[in-house]
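A.B. asks: Structure for this input, please:
(one chain, ligands or ions: 1)
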Amino acid sequence: MITVENVSKSFWSRTGNVVALDNVSLDVTAGAALGVVGPADSGKSTLARCVSLQERPDTGVVRLDGLNTATLDTRRLRATRRQIGFVTGETQLFKQRTAAGNIALPLEQSGVDGPSRRTRVGRLLDLIGMTDKAAVYPDDLTDGQRRRVAIARALVGEPAVLLADDPTADLDTDGTAGVLAVLDRARAELGVTLLVATQDNSVVRRICDDVALLDAGRLVEHGNLFELLRSPDSRALDALLPAIDGNAGLPGCGQDRVADVVLVGFAAVGALLPEAASRFGVQVSVLGGGLTRLGETPVARFRIGLKGERTDGTLAWMADRGAIVHQPLAGPQGVAA
Ligand SMILES: Nc1ncnc2c1ncn2[C@@H]1O[C@H](COP(=O)(O)OP(=O)(O)OP(=O)(O)O)[C@@H](O)[C@H]1O
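C.D. replies: Got it, this is the predicted structure:
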């Protein structure tokens, strides 16, 4: 369990005092995956660095399983830091060491014997899908493979927590998919708690249960993705769901009613709109939006137009069946929610 309590952190720069984190509080339960998102310079990396004990907050406390890290002396701080995996998109490998040699390095430094090293490195090579690349040097690996080796090295000390700061930065689609699969497996098979700072929404969609949105160092939203789906004003979720063209369904578009609906799960995404249309004798048209996934769950956000007598009843029926119905944009009456 990671607990961040009222953490603030500022830096002095040539332009003056920069507030990187402003009274941020959040927690990540053991085994969960939190995505920290936000615009450039919003404090994501600083939060990851404070939680991984690379940086000390000016005020506030980071607790790891209840341990108040602010009270640790230098020796215990170093020992605790070793129990936290930390990897960034810029983490470098040692070029003169093979993939296996890179992963083994932390174990060599902490005096783990050869047979135990081989077992643990073998397990990590399997986890990152690179058993056949054990003896390959970094220069002969792809960017994505090098990134996976760096993650394996961060995990080889069996940390309870893995902090990944922009882990997919500058990777192509295949490289990104490989890194995300490894982070997902680390969580599923090793039980690590993940905190991932990223500007890439696909990272959050693919591997996170919770999201925290920072803006100018402040935490502006924090919660479970599926719970935030129910909040029409969630900025974090708005960025994760398929975009809707602002011109879709404007007055004069010929619809009796226009609404935004979020549908969750295979059944809803596949069948709810046609079923509603036939049950109420209403014409339902998709005017914008699209489909995505949160983890393995399909999620759709559509702007729909309805034509017919019973448009209110149609929306109310869809809401009763779990559709999240937001902001009807046209039509005479109030709305089903
Ligand atoms: N060591 C430092 N010295 C001076 N300023 C810093 C330092 N680290 C971060 N900052 C400043 O703190 C603010 C937050 O930076 P941070 O890197 O945490 O943001 P970020 O959200 O990770 O940004 P990005 O997405 O661009 O990586 C920025 O204004 C940054 O310039």
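A.B. asks: how about the one helix or strand residue 115 maps to: buried residues?
C.D. replies: Counting by DSSP states H and E, the element that carries residue 115 is helix 114-127. For helix 114-127, a neighbour-count test (16 or more other C-beta atoms under 10 Å) marks 117, 120-121, 123-125, 127 as buried. All C-beta spots, glycine's among them, are computed from the backbone N, C-alpha and C.
A.B. asks: For it, output the C-alpha coordinates as PDB.
C.D. replies: Extracted in PDB, the C-alpha atoms of helix 114-127 (Å, rounded to 0.1, in the frame of the first residue of the first chain):
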ATOM      1  CA  GLY A 114      25.000 -17.800  -8.500                       C
ATOM      2  CA  PRO A 115      22.300 -20.500  -8.500                       C
ATOM      3  CA  SER A 116      19.700 -18.200  -7.000                       C
ATOM      4  CA  ARG A 117      20.700 -15.500  -9.400                       C
ATOM      5  CA  ARG A 118      20.200 -17.800 -12.400                       C
ATOM      6  CA  THR A 119      16.800 -18.900 -11.100                       C
ATOM      7  CA  ARG A 120      15.600 -15.400 -10.600                       C
ATOM      8  CA  VAL A 121      17.000 -14.000 -13.900                       C
ATOM      9  CA  GLY A 122      15.500 -17.000 -15.800                       C
ATOM     10  CA  ARG A 123      12.100 -16.300 -14.300                       C
ATOM     11  CA  LEU A 124      12.300 -12.600 -15.300                       C
ATOM     12  CA  LEU A 125      13.500 -13.400 -18.800                       C
ATOM     13  CA  ASP A 126      10.400 -15.600 -19.100                       C
ATOM     14  CA  LEU A 127       8.200 -12.900 -17.700                       C
END
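A.B. asks: begin at 100 from here
C.D. replies: All set: I'll call the first residue 100, so the last point we hit is now helix 213-226.
A.B. asks: tally of neighbours for residue 328?
C.D. replies: Using other C-beta atoms under 10 Å, the number of residues around residue 328 comes to 19.
A.B. asks: what does the model give it for pLDDT?
C.D. replies: Residue 328 is assigned 90 on the pLDDT scale.
A.B. asks: same question, residue 350
C.D. replies: We have a pLDDT of 71 for residue 350.
A.B. asks: Under a three-state scheme, what state does it occupy?
C.D. replies: Secondary structure for residue 350, judged by DSSP: H, G, I helix; E, B strand; the rest coil, is coil.
A.B. asks: ok so, going back, any idea which helix or strand comes after the helix holding residue 214?
C.D. replies: Following helix 213-226 in sequence order, the next helix or strand is helix 242-254 (DSSP H and E).
A.B. asks: What is that next one packed up against?
C.D. replies: strand 183-187, helix 198-208, helix 213-226, strand 260-264, helix 272-289 (3 or more C-beta pairs under 8 Å, 6 or more residues apart in numbering; DSSP states H and E).
A.B. asks: right, and residue 159 touches residue 125 too?
C.D. replies: No. With contact defined as C-beta atoms under 8 Å, residue 159 does not count as touching residue 125 (11.3 Å).
A.B. asks: Overlap of the contact sets of the two?
C.D. replies: Counting by C-beta atoms under 8 Å, 6 or more residues apart in numbering, the shared contacts of residue 159 and residue 125 are residue 103.
A.B. asks: Can you pick out the residue with more neighbours from the two?
C.D. replies: When residue 159 and residue 125 are compared on other C-beta under 10 Å, the one with more neighbours turns out to be residue 125, at 20 against 17.
A.B. asks: in which helix or strand would I find the more buried one?
C.D. replies: strand 115-127.
A.B. asks: need the residues of the stretch 250-399 of the chain near the ligand, please.
C.D. replies: Residues of the stretch 250-399 of the chain lying near the ligand by C-beta under 6 Å from any ligand atom: residue 298.
A.B. asks: For the ligand, what is the nearest residue in the stretch 250-399 of the chain?
C.D. replies: Closest approach between the stretch 250-399 of the chain and the ligand, counting by C-beta to the nearest ligand atom: residue 298, at 5.2 Å.
A.B. asks: tell me the contacts of that residue?
C.D. replies: Neighbours of residue 298 in contact, by C-beta under 8 Å, 6+ apart: 136-139, 143, 265.
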